[in-house]
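*Asks:* Need a 3D model of the following:
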Amino acid sequence: MSNEFTFSIKRICFDENYRPSDSTRITTNFANLARGERRKENLRDTLTMINNRFNALAHWDNPNGDRYAVEHEIVSVDIDIAGNGETFPTIEILKTTIVDRHTNKHIEGIVGNNFSSYVRDYDFSIALLNHNKDQPQFSIPDNFGDLHGKLFQHFIHSSAYQENFSKLPVICISVSDNKVYTRTENHHPVLGFEYLPNESSLTESYFKKMGLKVRYFMPPHSVAPLAFFFFGDLVNDYTNLELISTISTMETFQRIYRPEIYNANSEAGNRYQPSLKHSDYSLTRIHYDREERSQLAVKQGKFAEQHLIEPYRTVLNQWSTNYGV
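*Replies:* As a prediction, the model looks like this:
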């Protein structure tokens, strides 16, 4: 396996004073909130929602519902392909830290949570669309997601990751609106009821190439299940407080960005099919531009194509072919 690719990590605090850096993908959940006239109010309200949700789930020994707060760091991962010090922004994830106000302790949370990637933008917004442009029937290109998956696994096994984080990542995203989910009898005190999908999806297979498994849970007092992508054992590898830090953070983002599903006025039943056309939902006070986010994904995919995929195509293909051999 080639060791020529090296990763570097930058961290920035995500709080009400956060401003996205020039290399941050603007479609990233947290970056999208930190724009416009109400940027500070957006961020403050989002963090309040996260803290309130955390305390509602971590209700034991918490009589006033204010024991905990969640701090967030945005972790930006750059890759050096040629070994010449020139880097490209590849991955952005979120790291949570739990503040226990009763003991004044800072408790390590989970890394991952939100996941954004320029190469994923390229795969879905450029490569997949180009492949199907003249096709009579939708299909998936050969080796779709292979490079991205290997780059991600290379990062997880890198010294940069292992020196910075003590546990493997958990990524939490929305359920798919073209699948049906069935509630099982399996219930976890924090994750809630487990749901099973009726079929696999392109997103699942894409994350599988990153080495990740998936389970679907609807936490207590949620209205829809969340998709949890993870290595190892989701239930036993993480503490309840760690899991709550992910749920409270990512459910808040989904309530803002997909209110039709996650801020619906009725909760998912035993058989559940999410829909972005659902009309019985409530809006949060937080402003965002969903249409702009989809347009920017294409722009960012083209950026990856121009600055990473095309200039290093031969090197990347050779590395991907030999990775793990």
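*Asks:* element containing the residue nearest the centre of the chain, please.
*Replies:* By C-alpha atoms, centre = their mean, the mean C-alpha position of the chain lies nearest to Asn114, the distance being 2.6 Å. Using DSSP states H and E, Asn114 sits in strand 105-117.
*Asks:* Relative to that strand, what are the paired strands and their orientations?
*Replies:* Applying DSSP bridges, strand 105-117 is found paired with strand 88-100 (antiparallel), strand 170-174 (parallel).
*Asks:* Mean confidence (pLDDT) on the helix or strand that comes right after the shortest one, please.
*Replies:* Yep, that's strand 170-174 we're talking about. Where DSSP H and E defines the elements, the next helix or strand beyond strand 170-174 is strand 181-188. The average pLDDT within strand 181-188 is 98.
*Asks:* So what touches strand 181-188?
*Replies:* Outside strand 181-188, the residues within contact range by C-beta atoms under 8 Å, 6 or more residues apart in numbering are 175, 193-198, 216-218, 225, 235, 268-274. For glycine as for every other residue, the C-beta is placed from the backbone atoms N, C-alpha and C.
*Asks:* For ChimeraX, what selects the buried ones among those?
*Replies:* To isolate in ChimeraX the members of those that are buried, counting by 16 or more other C-beta atoms under 10 Å, one can use:
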select :175,193,194,195,197,216,217,218,225,235,268,272,274
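*Asks:* The closest residue to Ser76 other than its chain neighbours in helix, strand or coil?
*Replies:* Distance criterion C-beta to C-beta, 6 or more residues apart in numbering; nearest residue to Ser76, sequence neighbours excluded, is Lys10 at 4.6 Å. Secondary structure, DSSP: H, G, I helix; E, B strand; the rest coil: Lys10 is strand.
*Asks:* Lys10: how many residues sit nearby?
*Replies:* Lys10 has 14 neighbours, counted by other C-beta atoms under 10 Å.
*Asks:* and it, what does it touch?
*Replies:* Neighbours of Lys10 in contact, by C-beta under 8 Å, 6+ apart: Val75, Ser76, Asp78.
*Asks:* Brilliant, that's me finished.
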